[in-house]
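K.L.:
Using only what follows, build the 3D model:
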Amino acid sequence: MNKKTQALIEQYSKSLVEVAIEHKIVEKIQQEVAALIDIFETSELEGVLSSLAVSHDEKQHFVKTLQTSCSTYLVNFLEVIVQNEREALLYPILKSVDQELIKVNGQYPIQITTAVALSPEQKERLFDIAKTKLALPNGQLVEHIDPSIVGGFVVNANNKVIDASVRNQLHQFKMKLK
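P.N.:
A predicted model of the protein is given here:
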């Protein structure tokens with residue numbers, strides 16, 4: 001993606017985020033944007049909207065069908081994108097909006113990777129530890145199971161990592177022996 005395209009994506013996403021903050025509907029817009037992202041990820045809509053073989057009128061029709069379940073502000077936003085013929089950028093714009101709204105809310109995804117599934121109590125305890133150690137007021141727990149870490153856990157959130165896995169401990173021990 002070139003710099004001009006990235007700048008367009010950032011400008012459009014910044015505009016929607018500002019509207020959401022101004023009208024105090026950040027959570028509502030975040031939910032709607034997440035639903036639209038799910039639609040893009042479970043269908044071939046991104047390919048249709050970026051295809052040169054599909055006419056502008058057909059692209060408008062696809063975007064209008066997305067608008068049926070959206071708030072007025074998001075409908076207006078989608079209309080601007082269609083009017084400016086930026087349908088091909090809709091998915092990256094929505095992803096950017098989602099990331100910006102996460103920053104605004106402080107709802108960073110806290111990814112916890114373990115070798116085995118955790119009980120609800122263990123999840124809650126690790127989640128609390130992660131929020132405290134990484135200085136995050138709140139977040140969303142995302143659990144991953146990776147048997148290759150052998151034991152322990154790895155926490156990723158807001159570009160910070162806590163690696164208390166057996167795999168990492170073995171690696172560090174190996175490096176000390178060299």
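K.L.:
Now do the helices in the chain.
P.N.:
For the chain, helices defined by DSSP state H occupy the ranges 3-22, 26-42, 45-50, 56-67, 72-83, 90-105, 120-133, 166-177.
K.L.:
Out of the ones you listed, which one sits most buried?
P.N.:
Mean neighbours per residue, mean count of other CB atoms under 10 Å, is largest over the helices of the chain for helix 90-105, with a mean of 19. In this view, the C-beta of every residue, glycine as well, is placed from N, C-alpha and C.
K.L.:
mean confidence for that helix?
P.N.:
Averaged over helix 90-105, pLDDT sits at 89.
K.L.:
how about the helices of the chain in TSV, adding distance to G152?
P.N.:
Formatted as TSV, the helices of the chain follow (distance: least, CB to CB, whole Å):
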stretch	distance to G152
helix 3-22	37
helix 26-42	31
helix 45-50	38
helix 56-67	43
helix 72-83	42
helix 90-105	27
helix 120-133	11
helix 166-177	5
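K.L.:
what's the closest of those to F153?
P.N.:
Closest of the helices of the chain to F153 is helix 120-133, at 6.2 Å (criterion: CB to CB).
K.L.:
what's the distance between the closest one and the middle of its chain?
P.N.:
Distance, stretch centre to chain centre, for helix 120-133: 21 Å (CA atoms, centre = their mean, to the nearest Å).
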